[in-house]
Structure formats: structure tokens, C-alpha cells
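Trainee: need a 3D model of the sequence below.
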Amino acid sequence: MNQPQDHMEGAPLIRPSSTDHPLYDQVVDACRTVFDPEIPVNIFDLGLIYTIEITSENDVSIMMTLTAPGCPVAGEMPGWVQDAVEPVAGVKSTQVAMTFDPPWGMEMMWDEARLELGFM
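Mentor: Numbering: from 1, shown residues only. Prediction:
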């Protein structure tokens, strides 16, 4: 499974996720229940979730983006993600922040999303 490119030459633009945290997979699964209303693929596989950081106290911080800054659900999407992640067993708190740096691009999609949308 190929991961999307998250860095150019030099330092990564996107902070790494806490992939070794025991709750990471469950948080990812929760993110996969949230869909972009304009594209029939979940926001994780679309590459809209840039970073999932989980502290040793199980506080979750998510940095995400949108396919376009003018997305009609820009104000609502972070709340949808928070509502999906907060009920995960063991999660103490959830914060979701939005960024457009780096801007989202098709190359950030996971292979599964590319297949589903017919780009492979």
C-alpha cells in the first residue's frame, strides 16, 4: 500500500502521525467514517487527514485540510471528524485543526481512493 507523498526535498511539510500509538488504528477507522460530500470516498483515504497526533494521555490532535479552500462544508468538517473520533474507546479528548499548507492535491490520495475514483 503506497502512502501519499507528504514531503518535498528537505523537511516534511506535514508533521508525522503517532502511528505507533495503540489507539492510532481506531482513530484512523473513525476518520474513515467521515466522507467528503462531493466525493464518494472517506476523508482519510482522500488524504485530507494530514496528521493524527496522540499523546501518552490519549489526547488526539488532528490536522486536516479540504479538497479546496472554498469547500461548502469547510466550517462543518472539523466537527464531523471530532464527533467521529471522540467516542473511540480510550480517547480522552479530540481537537481538529484545519490547514491549507500544503494545499491538498490528487497525489495525496491513498491507492484505494484512486482505484475507487477510477484514477488507476
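
Trainee: so how far is residue 41 from the residue nearest to the spatial centre of the chain?
Mentor: With distances taken as Cα atoms, centre = their mean, residue 49 lies nearest the centre of the chain, 1.4 Å away. If you measure residue 49 against residue 41 using Cβ to Cβ, to the nearest Å, the figure is 12 Å. Where C-beta positions appear, they are placed from N, C-alpha and C, glycine not excepted.

Trainee: now swap in residue 61 and tell me
Mentor: 24 Å.

Trainee: related to what we said a few turns ago, pretty sure the residue nearest to the centre of the chain is touching residue 66, no?
Mentor: No - counting by Cβ atoms under 8 Å, residue 49 stays clear of residue 66, with 11.2 Å between them.

Trainee: and the next helix or strand past the helix or strand where residue 52 lies?
Mentor: For residue 52, the element it lies in under DSSP states H and E is strand 49-54. The helix or strand immediately downstream of strand 49-54 is strand 59-64, counting by DSSP H and E.

Trainee: which elements pack onto that following strand?
Mentor: Counting contacts by 3 or more Cβ pairs under 8 Å, 6 or more residues apart in numbering; DSSP states H and E, strand 59-64 is packed against helix 24-31, strand 49-54, helix 77-85, strand 93-98.
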